[in-house]
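1. sequence? don't have it. structure:
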């Protein structure tokens with residue numbers, strides 16, 4: 001994750017520079033957090049089951065009956081104390097299918113075994129986002145700098161992390177996970193993003209297509225995330241474009257998750 005350089009969305013998105021469908025490699029909204037796998041290698045990926053959340057069900061209880069849903073639980077529970085206004089950026093899983101150039105870049109695992117040969121622009125996007133899906137369906141995660149012919153190295157993600165790894169081996173969850181500066185927000189803490197409450201999330205019902213209750217979890221970190229900054233995991237680039245187009249936000253008001261978001265903690 002240390003290789004990521006975050007891009008501030010504020011002026012660029014308002015000015016129309018972000019979310020350019022024509023070129024996924026130059027998108028000003030491409031500010032996602034390289035997932036925190038500098039502490040996780042391919043070996044660690046298979047050995048952290050004791051603390052591994054295992055699936056996207058870690059935080060997302062589905063499109064009905066979510067914490068704070070007044071249709072099923074009565075009056076919504078209250079979030080905690082205000083933490084201030086935070087910069088908002090997005091990240092997602094890069095897709096090899098979005099890149100059609102000549103495949104000349106070799107991706108290596110930490111043992112310098114060849115994983116795949118891909119378009120160099122996809123290789124760059126994979127390193128930037130931290131997680132990427134190959135055209136053959138395999139999901140790769142950033143592992144960190146290595147002494148192989150090309151660096152960084154990557155590892156194949158297991159089925160318990162269908163959207164990739166965050167910090168401390170945590171499973172990333174679409175529309176629930178955020179990357180944070182751990183000097184401000186500790187990993188595992190629930191947060192309430194006021195501007196997301198009541199917003200319909202895009203995607204398939206298996207991971208999205210629900211009305212958000214504002215609750216997110218600090219599951220990840222990023223080298224370019226400093227201070228009051230949340231990087232929202234939008235799962236896929238088209239979902240980022242849809243959300244950014246609907247919200248047009250460069251910052252959000254953040255509160256501690258409190259009772260409202262207690263069900264997402266852990």
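-> Done, it's in. Given the structure is predicted, the values throughout are model-derived calculations rather than measurements.

2. The protein: strands as residue ranges?
-> Per DSSP state E, the chain carries strands over the ranges 82-91, 94-95, 105-108, 114-118, 131-133, 139-144, 153-156, 177-180, 190-193, 215-221, 229-233, 251-256.

3. would you turn these into a markdown table with mean pLDDT?
-> Listed next are these as a markdown table, based on pLDDT from 0 to 100:
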| stretch | mean pLDDT |
| --- | --- |
| strand 82-91 | 98 |
| strand 94-95 | 98 |
| strand 105-108 | 98 |
| strand 114-118 | 98 |
| strand 131-133 | 97 |
| strand 139-144 | 95 |
| strand 153-156 | 98 |
| strand 177-180 | 98 |
| strand 190-193 | 98 |
| strand 215-221 | 97 |
| strand 229-233 | 98 |
| strand 251-256 | 98 |
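
4. most tightly surrounded among these?
-> strand 177-180 (a mean of 31; mean count of other C-beta atoms under 10 Å). Where you see a C-beta, it was placed from the backbone N, CA and C, and this is true even at glycine.

5. May I have the residues that are in contact with residue 234?
-> Applying C-beta atoms under 8 Å, 6 or more residues apart in numbering to residue 234 gives the contacts 90-92, 174-175, 240, 243.

6. From these, pick the one nearest residue 168.
-> residue 91 (17.5 Å; C-beta to C-beta).

7. Could you check how far that closest one is from residue 234?
-> Distance, residue 91 to residue 234, using C-beta to C-beta, to the nearest Å: 7 Å.

8. what's the overlap in contacts for these two?
-> Common contact partners of residue 91 and residue 234 (C-beta under 8 Å, 6+ apart): residue 240.

9. How about the contacts made by the residue nearest in space to the middle of the chain?
-> Centroid check for the chain by C-alpha atoms, centre = their mean gives residue 233 as the closest residue, at 3.0 Å. By C-beta under 8 Å, 6+ apart, residue 233 lies in contact with 32-33, 90-92, 163, 172-179, 219-220.

10. which stretches of the stretch 151-266 of the chain form helices?
-> 237-247 (DSSP state H, counting those that start in this stretch).

11. What ranges in it fall below the confidence cut-off?
-> Within the stretch 151-266 of the chain, the ranges that satisfy pLDDT under 70 run 266.

12. go again using 80 as the cut-off
-> The model of the stretch 151-266 of the chain has pLDDT under 80 over residues 223, 266.

13. Count the residues that sit near the closest residue to residue 259 other than its chain neighbours.
-> Among residues not flanking residue 259 along the chain, residue 77 sits closest, at 4.1 Å (C-beta to C-beta, 6 or more residues apart in numbering). Counted with other C-beta atoms under 10 Å, residues neighbouring residue 77 total 17.

14. correct me, but residue 77 touches residue 264?
-> No: using C-beta atoms under 8 Å, residue 77 makes no contact with residue 264, being 11.9 Å away.
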